[in-house]
Every structure is written in structure tokens, then in C-alpha cells.
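Q: Sequence first, predicted coordinates after that:
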Amino acid sequence: MQKKYDRPLFGPAGGSDEFHASGKKSTVDAPGWIRDRGLDAYEFQGGNGMRFSDALFSSVGAAAADAGIAMSVHAPYFISLSGIDPEKRLKSVNYIYDSLRAAKLMGADTVVIHTGSAAKISREEAMELAEDTLRRTIEYIDANGGTGGVRLGLETMGKKNQLGTLDEVIRLCRIDPAFCPVVDFGHLNARECGGVFPDAGAYRRVFGDIADALGAEYAETLHCHFSKIMFTDAGEKKHLRFADDPGNVWGPDFLPLAEVIARDGLRPRIISESAGDQDADALAMKRAWKAAKENV
């Protein structure tokens, strides 16, 4: 069940280079590590599949509860909501269900799901396939115990040949209240080759569009990813550390987003996907938000 928070939360996706260099070997150690760095959230990375035991999922959940860390789960990257092979596409229903089951064991409140590809078919055909997959997914989940209050998050994507513009994600979320947007600001910037978020107003429009389409609660508690991302003409190329892009050549710049969160009293969860520096960059974002709040 999603817990209500009265403030933004910040944390890393997976284990940072520093976490592993410290000698930590188990994901069970991550929540305490994150807490000790002054952070609030952790996104468990199941991109290669939920190939872990129920005991481990439960242990991570217990550690997170003890440390006061809000949990989310990233579903496998090989999920294909819009795949043209029906057998492969419909396996995504089971992959999402398995991710939901793991999320429940970890006490996570959000499962993050990639939205699919439009590389070999038209975008409208891809959207229709994705909608079919998600309808089947919610039917299967409802027939097998329901979501238990866990949100199924559909992520904005960074490559132009992928589904995952903000408008596309909002359309997919309208299928069922269990679906919610996961806005990756770096992805949105990269797929348009930069310049998407020049100021606070550009960030504010994202929250406004979501509130108008889905309701204020979806916008105010938005689950977000943030990192600097290098791009090509095709969109996303690779994730960077903040230290790799001090002048916001690639972007986007977090400071205007910090201003919007502080001034508008929003309560998003910001997950850092920086390349190896997730903890440090998540903490930099938390400090930027606190500084912006002091100036409101």
C-alpha cells in the first residue's frame, strides 16, 4: 500500500560504485547505507529479471522498513508491451505480475515498467498493442489478488523509436487507476536532443499536464527518474554523472525542478539514475531542494 509522505523523497536506483567499493555485497545492506547518507528512497533494479528468492525480497523489505526507506522496483527491461510477436508480448503480463509480487514482498509501492518500441510499426499500432497488453495485465492481476495498492508505473523513454512521450504515457495510464506515470526528465530531454527544460515553467508544465489528465494526486506524488543523459540524433545514448556535465551541456538542469517542487509544495520521489554516482547525485538533488525551499 502506498504510504503518504509530506515531502519529496530522494534516493538511488541500485547500488552505486561507492556502495560496492565499500565492500557491501548484498542488496539487503542497501537501505541502511542509503539512510546513513541522508537519503529516503531506493529503487530495486530487476532489469535483468526477478531472479531472486522470496527470502531475499522479504529481507530487503524488512531492512527498508527498519531504515525508513521508501521502496520501488524496476521491472525487467525485456518487457515488450508493444512487441509484434504475440507470444513474446503476452509474456510481459507474467513479467509484470512477477515484479508486482516481488514489490509486495519488499514493501514497495511502485513498479516501474518500460512502455515499448515503435521501431518496426507505426506509433499508433504500437500504442494499440501496448494498450491491449496493459488491459490483459490488469485483468490478470485483478484475478490473482489485485495490486495491493502498489502502483504500476509507466516510464517516459529516451529514444525516439520507443514509445514513451509524456502524452503516450498519460494515454496508457488512462486504462486503469492502478497505472501511473513515471517521468524520467533525462529521457524526455534526450529524446528531443536537449533544450526541453530551460526553466521552471517547462518543468511545471509536466506536472500540470499530468494533473489535468489524471488528477492532482498523480502529479503531486509523481515518481520520477533524474539524471544527465548524453544523446545523439536518435535520442538517449548514455547516462552521465552530474560531475560529467557541470555546465548542463547535455542536461537537463535540476535546479529549476527543485524550484518547482519547493514553490508548488509537491511531493515527488526523485530516483537518481546517474552512472555510478547515484547516491551522491541523489543527495545533491535533495540539498538543492532544501535550498530552494528556504528561498520560498
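A: Arrived safely.
Q: Would you map the helices across the stretch 101-250 of the chain?
A: Here the stretch 101-250 of the chain has its helices, by DSSP state H, counting those that start in this stretch, at 123-143, 166-173, 185-191, 200-214, 216-220.
Q: how about TSV for the ones you listed, with distance to Asp29, mean neighbour count and mean pLDDT added?
A: Where C-beta positions appear, they are placed from N, C-alpha and C, glycine not excepted. As requested, the helices of the stretch 101-250 of the chain are exported to TSV (distance: least, C-beta to C-beta, whole Å; neighbours: other C-beta atoms under 10 Å; pLDDT from 0 to 100):
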stretch	distance to Asp29	mean neighbour count	mean pLDDT
helix 123-143	31	17	97
helix 166-173	33	19	98
helix 185-191	27	26	98
helix 200-214	34	17	98
helix 216-220	32	16	96
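Q: of all those helices, which lies closest to Lys237?
A: helix 185-191 (7.5 Å; C-beta to C-beta).
Q: and Lys238, which of the helices of the stretch 101-250 of the chain is closest to it?
A: Closest to Lys238 of the helices of the stretch 101-250 of the chain is helix 185-191 (C-beta to C-beta; 9.6 Å).
Q: Tell me how far the closest residue to Arg101 other than its chain neighbours lies from Leu56.
A: Residue nearest to Arg101 in three dimensions, not counting chain neighbours: Met50, with 7.9 Å by C-beta to C-beta, 6 or more residues apart in numbering. Plainly put, Met50 is 10 Å away from Leu56 if you go by C-beta to C-beta, to the nearest Å.
Q: what's the answer for Ala70, then?
A: For Ala70, the distance to Leu56 - C-beta to C-beta - is 19 Å.
Q: higher neighbour count, these two?
A: Ala70 (24 against 15; other C-beta atoms under 10 Å).
Q: List the residues that contact that one.
A: 3, 5, 9, 11, 40-42, 64, 109, 269 (C-beta atoms under 8 Å, 6 or more residues apart in numbering).
Q: Who wins on neighbours among those residues?
A: With neighbours defined as other C-beta under 10 Å, the most crowded of the contacts of Ala70 is Tyr42; it has 32 neighbours.
Q: Am I right that that one is in a strand?
A: Yes. Applying DSSP: H, G, I helix; E, B strand; the rest coil, one finds Tyr42 inside a strand.
Q: List the contacts of it.
A: Applying C-beta under 8 Å, 6+ apart, we find Tyr42 in contact with 11-12, 30-31, 34, 64, 69-72.
Q: among the contacts of Ala70, which are in strands?
A: Among the contacts of Ala70, the ones falling in strands (DSSP state E) are 9, 11, 41-42, 269.
Q: Strands along this protein, start to end?
A: Using DSSP E, strands in the chain cover 9-12, 41-45, 70-74, 110-113, 151-155, 179-184, 223-226, 229-232, 235-239, 269-272.
Q: Quick check: which of the ones you listed is nearest to Glu217?
A: That would be strand 179-184 among the strands of the chain, by C-beta to C-beta, at 9.4 Å.
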